[in-house]
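Visitor: show me the folded form of this:
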Amino acid sequence: MYDARKSGPQFSGNGIFALAILAVVAIAFALVWVFAAPSPGSGGALKLHANVPVTLAEKMPSRDETRFLNAMARLQPAALAPLDHALTRDAADREAQIKSINDAAGIAVFANISSLGHISTEDLNGMLDTMIMQVTSAQRQGSPLCNGRSWLQFENKSVEQVESWMATNGYSYAAMYDDSMVATADFMEALARAKSNPTRHGNFRNSDQKALEAAMMGLMTNPDLMQLAASGGSDRQQLARTNVCAVTKTLLQTARDLPDGTKGRAWAAAFDRPEFGQALDQLQKFGF
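Guide: You can find the predicted model right below:
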């Protein structure tokens with residue numbers, strides 16, 4: 001078994017880079033809600049899970065919504081009837097409906113926290129591919145959220161103020177819903193598979209440490225990341241000049257390019273760390 005205590009101060013515990021992967025994925029899931037990309041739209045109609053109320057399926061009829069509901073039926077079936085009721089109650093308020101969908105997803109995720117570390121590498125790769133696609137799309141479209149200045153203005157702002165800015169700039173939940181549901185369904189399906197067929201990634205290894213160190217060395221060639229790291233993230237001028245989409249894509253691609261074994265063990269190891277709770281808190285603040 002790998003003992004990170006013998007590796008010096010750069011990588012403590014089960015690998016700081018494992019936490020970086022978790023943080024990047026947490027951030028990216030939040031960004032997915034604002035970086036719209038075309039839905040793949042692949043495949044035909046899906047069979048509805050027996051636990052999904054037909055009335056709810058009629059309210060959420062798209063392929064990705066069906067994927068989401070089927071995963072919910074496996075993760076937290078008790079949340080489906082209240083969701084059906086909420087969508088009926090708020091039929092005239094699309095934003096409220098979407099909030100209810102997000103809340104139901106959150107209930108299912110937090111009820112299955114113990115399965116998060118058992119998501120398969122195949123599913124991790126699939127989710128990373130979706131996020132890379134969406135961030136690339138945002139970059140091509142010149143999204144204002146690729147501009148570091150946009151993120152600086154969120155400092156010390158309330159969630160309501162940030163949501164107001166998003167809506168004003170075309171990033172309301174309703175406007176983003178169809179595309180963001182692609183990534184949401186991906187994640188919920190991955191978690192459902194982890195619950196029913198958990199992947200045992202095993203203990204973090206010395207070879208994983210070396211692979212992560214090599215990945216970190218590669219990141220040091222990125223000028224934006226180097227300058228941000230040198231300033232500890234406190235240089236506002238540097239942050240303002242940063243292309244957030246480019247940096248996010250670089251981090252995601254670095255995680256995607258890791259050897260699958262290393263990726264899975266690093267992912268699993270992150271959930272043994274106290275910082276995991278902090279990452280979950282951030283996800284909740286972003287409404288996941």
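Visitor: buried residues, the biggest helix by length in the chain. List them.
Guide: Assignment by DSSP state H gives helix 173-196 as the longest helix of the chain. With burial defined by 16 or more other Cβ atoms under 10 Å, the residues of helix 173-196 counted as buried are 173, 175-177, 179-195. The way it works is simple: take the backbone N, C-alpha and C, and place the C-beta from them, glycine included.
Visitor: distance from the chain centre to stretch 88-100, please.
Guide: Centroid separation for stretch 88-100 versus its chain: 23 Å, with Cα atoms, centre = their mean, to the nearest Å.
Visitor: tell me the buried residues in that stretch?
Guide: For stretch 88-100, the neighbour count (16+ other Cβ under 10 Å) marks 97-98, 100 as buried.
Visitor: ok, the residues you listed vs Glu155, which is closest?
Guide: Ile98 (26.0 Å; Cβ to Cβ).
Visitor: shouldn't that closest one be within a helix?
Guide: Yes: Ile98: assigned to a helix according to DSSP: H, G, I helix; E, B strand; the rest coil.
Visitor: tell me how far it lies from Ala190.
Guide: Using Cβ to Cβ, to the nearest Å, we find Ile98 at a distance of 21 Å from Ala190.
Visitor: need the contact list for Glu95.
Guide: By Cβ atoms under 8 Å, 6 or more residues apart in numbering, Glu95 lies in contact with 172-174.
Visitor: give me the element it is part of.
Guide: Assigned by DSSP states H and E, Glu95 falls within helix 94-111.
Visitor: just the CA atoms of that helix, as CSV, please.
Guide: C-alpha atoms of helix 94-111 as CSV (Å, rounded to 0.1, in the frame of the first residue of the first chain):
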residue,chain,number,x,y,z
ARG,A,94,-40.7,27.3,-15.3
GLU,A,95,-37.9,28.5,-13.1
ALA,A,96,-39.6,27.1,-10.0
GLN,A,97,-40.1,23.8,-11.8
ILE,A,98,-36.4,23.6,-12.7
LYS,A,99,-35.5,24.4,-9.1
SER,A,100,-37.6,21.5,-8.0
ILE,A,101,-35.9,19.2,-10.4
ASN,A,102,-32.5,20.3,-9.1
ASP,A,103,-33.6,19.9,-5.6
ALA,A,104,-34.8,16.3,-6.3
ALA,A,105,-31.4,15.5,-7.9
GLY,A,106,-29.6,16.9,-4.9
ILE,A,107,-31.7,14.8,-2.5
ALA,A,108,-30.8,11.7,-4.6
VAL,A,109,-27.1,12.5,-4.7
PHE,A,110,-26.8,13.2,-1.0
ALA,A,111,-28.7,10.1,-0.1
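Visitor: now do that helix, average pLDDT.
Guide: Helix 94-111 carries an average pLDDT of 93.
Visitor: Ala104: neighbour count?
Guide: Neighbour count for Ala104, taken as other Cβ atoms under 10 Å: 21.
Visitor: ok, it touching Met72?
Guide: Yes: at 6.7 Å, Ala104 counts as touching Met72 under the criterion of Cβ atoms under 8 Å.
Visitor: could you work out the end-to-end span of stretch 200-208 for me?
Guide: Stretch 200-208 has its terminal residues 16 Å apart, counting by Cα to Cα, to the nearest Å.
Visitor: how far off centre is it?
Guide: Here the centre of stretch 200-208 is set off from its chain's centre by 23 Å, with Cα atoms, centre = their mean.
Visitor: please apply the same query to stretch 196-212.
Guide: Centre-to-centre, stretch 196-212 and its host chain are 20 Å apart (Cα atoms, centre = their mean).
Visitor: buried residues in that stretch?
Guide: For stretch 196-212, a neighbour-count test (16+ other Cβ under 10 Å) marks 199, 201, 204, 208-209, 211-212 as buried.
Visitor: and stretch 129-143, by the same measure?
Guide: Residues 130-139, 143 are the ones in stretch 129-143 that count as buried (16+ other Cβ under 10 Å).
Visitor: can you lay out these as a markdown table showing secondary structure, distance to Ile119 and pLDDT?
Guide: Converted to a markdown table, the buried residues of stretch 129-143 look like this (DSSP: H, G, I helix; E, B strand; the rest coil; distance: Cβ to Cβ, whole Å; pLDDT from 0 to 100):
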| residue | secondary structure | distance to Ile119 | pLDDT |
| --- | --- | --- | --- |
| Thr130 | helix | 14 | 86 |
| Met131 | helix | 14 | 87 |
| Ile132 | helix | 17 | 91 |
| Met133 | helix | 19 | 89 |
| Gln134 | helix | 19 | 85 |
| Val135 | helix | 20 | 89 |
| Thr136 | helix | 23 | 92 |
| Ser137 | helix | 24 | 89 |
| Ala138 | helix | 25 | 88 |
| Gln139 | helix | 27 | 89 |
| Ser143 | coil | 28 | 88 |
